[in-house]
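Colleague: any chance you can model this:
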Amino acid sequence: MSTRPPWIGDICESLLDDGPSPEDPKALWIQRGNKFAEDNELYKNLDVEFEVQQLRLSGDSEPDYSWIDESLPLLQRLQNLRILRLEKLPWIRVSPAVRSLLLTQFAKITTLWLDKSDFGNSYQLLRVLDAYPFIKNLAITHVEYELNNYTTRQVSSRVPLHLDELIIGELGWSDPVLEWILGQRISLVVKNAVLTWRLTDYSVFVWFLRSIAPDVQHLTFYQRIRPVDQGAQLEYVDPSCLLGDEEVDPDETVRQARLSGKPTIDTLSYTDAVKLVKQPLERAWLETIEANIKWSGNMRLDILAVETLCHLIAPTTMEFELTIRMRTVSQWEKTDWHALDAALSLVTKWLGGRYRPVAIFAAPFLGDKQLYYPDTELPKTSDLGVFILRTTSNEKAGWA
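Modeller: Below is the predicted model of the structure:
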């Protein structure tokens with residue numbers, strides 16, 4: 001793929017790899033062990049208020065987070081922050097002063113990255129998302145909470161949300177996050193999306209993807225279906241998950257349903273999900289699609305993922321690269337090739353110019369390619385001549 005822009009992960013890593021230094025006064029990395037007196041001295045002669053634009057706040061597995069408070073004098077000086085990354089941060093263990101600063105001091109943030117952070121409850125998670133009204137790049141790669149107590153008000157915003165980049169990692173999906181993104185917004189635009197799906201309830205993904213699809217220009221999709229422990233339903237409110245400043249939803253029935261741990265987004269049957277996939281989009285602006293599907297053995301979900309992607313192709317689509325990863329010969333032999341052929345042959349013509357769509361089958365056993373011909377297994381797709389069909393046993397394809 002040649003035209004997909006760099007995604008937020010690449011950008012943030014390049015910006016925030018290093019701690020503070022005179023050579024890079026725009027980036028500040030705060031973690032346990034920082035010598036904050038030295039940091040303050042380092043920035044003493046700089047115009048910190050306007051020069052520091054990137055903050056990475058990293059926690060760890062220790063229970064005490066009072067060390068972050070030592071950085072407050074420095075953090076309070078930051079007036080022009082644009083990028084914020086919170087990683088491995090247990091929100092409910094952080095002091096009220098630090099939480100207040102993060103929620104009120106940095107309203108100009110345009111890039112937010114939440115990774116490996118536990119917010120205790122979903123109300124606090126959405127509270128953090130609400131704190132940055134000018135967000136343009138949002139990455140939620142791994143978030144956790146024990147108590148699902150978000151309020152209807154938090155997911156009913158009509159405020160426009162225009163994202164240049166949206167990334168949701170395989171441990172970033174949750175009903176509250178999806179409902180917050182969609183809300184009841186008068187305008188929702190997502191230009192570039194990087195989505196990794198792992199749940200067996202594929203209907204939620206179909207619903208969400210189609211909700212944002214009309215404005216997406218570049219889509220990168222990874223599918224890693226695996227069993228997920230949904231956890232026990234809560235029969236009481238664990239006070240250790242609360243900070244005491246949470247709102248309570250006025251609808252007690254809704255509140256109890258969320259606290260029970262049950263899904264709050266209505267799910268579709270497989271049949272209805274298939275019907276939804278086939279419905280035409282009002283409009284579509286997709287220019288590039290890059291997909292990597294790890295064959296799970298659940299043929300219905302695997303094939304539905306391919307079909308979903310094929311239905312997203314628009315006259316504006318210039319590039320489409322699909323990689324299907326198989327680990328064993330058995331997965332190749334048990335693949336429903338007829339159904340896969342039907343899904344791929346949905347693309348009956350290609351208006352995208354010089355880059356024909358490519359379907360790559362990656363597996364460690366494909367060294368003897370004479371035994372494995374996708375052209376033979378996919379006669380209808382092959383006859384149409386739209387897709388370039390390839391195989392590879394290269395480990396870089398990510399089959400392992």
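Colleague: quick one: the strands in the stretch 151-300 of the chain, in order.
Modeller: Residue ranges of the strands in the stretch 151-300 of the chain, as given by DSSP state E, counting those that start in this stretch, are 161-171, 188-197, 218-223, 288-294.
Colleague: now those strands as CSV including distance to Val52?
Modeller: For the C-beta atoms, the positions are set from N, CA and C on the backbone; glycine is no exception. Putting the strands of the stretch 151-300 of the chain into CSV (distance: least, C-beta to C-beta, whole Å) gives the following:
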stretch, distance to Val52
strand 161-171, 22
strand 188-197, 26
strand 218-223, 30
strand 288-294, 34
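Colleague: is it possible to get CSV of the ones you listed that adds mean neighbour count, distance to Leu101 and mean pLDDT?
Modeller: Shown next, in CSV, are these (neighbours: other C-beta atoms under 10 Å; distance: least, C-beta to C-beta, whole Å; pLDDT from 0 to 100):
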stretch, mean neighbour count, distance to Leu101, mean pLDDT
strand 161-171, 20, 24, 96
strand 188-197, 20, 29, 96
strand 218-223, 22, 34, 96
strand 288-294, 21, 38, 96
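Colleague: can you give me the distance of the residue nearest the centre of the chain to Tyr222?
Modeller: Most central in the chain under C-alpha atoms, centre = their mean is Ile168, positioned 0.5 Å from the mean C-alpha point. Relative to Tyr222, Ile168 is positioned 10 Å away (criterion: C-beta to C-beta, to the nearest Å).
Colleague: what do those two both touch?
Modeller: A shared contact of Ile168 and Tyr222, defined by C-beta atoms under 8 Å, 6 or more residues apart in numbering, is any residue touching both; here these are Leu195, Thr196.
Colleague: can you give me the strands in the stretch 1-150 of the chain?
Modeller: Under DSSP E, counting those that start in this stretch, the stretch 1-150 of the chain gives strands at 27-30, 54-58, 83-87, 111-115, 117-118, 137-144.
Colleague: TSV please, covering those strands and showing distance to Gly261.
Modeller: Compiled in TSV, these are given as follows (distance: least, C-beta to C-beta, whole Å):
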stretch	distance to Gly261
strand 27-30	34
strand 54-58	29
strand 83-87	25
strand 111-115	21
strand 117-118	16
strand 137-144	14
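Colleague: worst average pLDDT in these?
Modeller: Considering the strands of the stretch 1-150 of the chain one by one, the lowest average pLDDT is found for strand 27-30, at a mean of 86.
Colleague: ok, that strand: who's next to it in the sheet?
Modeller: Looking at strand 27-30 with DSSP bridges, its partner strands are strand 54-58 (parallel).
Colleague: how far off centre is the partner strand?
Modeller: Relative to the chain's own centre, strand 54-58 is displaced by 19 Å; criterion: C-alpha atoms, centre = their mean, to the nearest Å.
Colleague: equivalent analysis for stretch 60-79, please.
Modeller: Here the centre of mass of C-alpha atoms in stretch 60-79, compared against the chain's by C-alpha atoms, centre = their mean, lies 27 Å away.
Colleague: tell me the buried residues in it?
Modeller: Neighbour-count burial for stretch 60-79, with 16 or more other C-beta atoms under 10 Å as criterion, is recorded at Tyr65, Trp67, Ile68, Ser71, Leu74, Leu75, Arg77, Leu78.
Colleague: now do the contacts for the second one.
Modeller: With contacts defined as C-beta under 8 Å, 6+ apart, Trp67 is in contact with Arg32, Asn34.
Colleague: rerun that using 6 Å as the cut-off
Modeller: For Trp67, the contacting residues are Arg32, by C-beta atoms under 6 Å, 6 or more residues apart in numbering.
Colleague: now the third one
Modeller: Residues in contact with Ile68 (C-beta under 6 Å, 6+ apart) are Val98.
Colleague: go with 7 Å
Modeller: Under the criterion of C-beta atoms under 7 Å, 6 or more residues apart in numbering, the neighbours of Ile68 are Ile30, Val94, Val98.
Colleague: wait, the first one touches Val52, no?
Modeller: No. With contacts defined as C-beta atoms under 7 Å, Ile30 does not count as touching Val52, sitting 11.2 Å away.
Colleague: tell me which of the two has more neighbours.
Modeller: Set side by side, Ile30 and Val52 give different neighbour counts by other C-beta atoms under 10 Å, the larger being at Val52 (23 against 20).
Colleague: the spatially closest residue to Arg283 that is not a sequence neighbour: neighbouring residues, count only.
Modeller: Among residues not flanking Arg283 along the chain, Pro214 sits closest, at 5.1 Å (C-beta to C-beta, 6 or more residues apart in numbering). Using other C-beta under 10 Å, the number of residues around Pro214 comes to 16.
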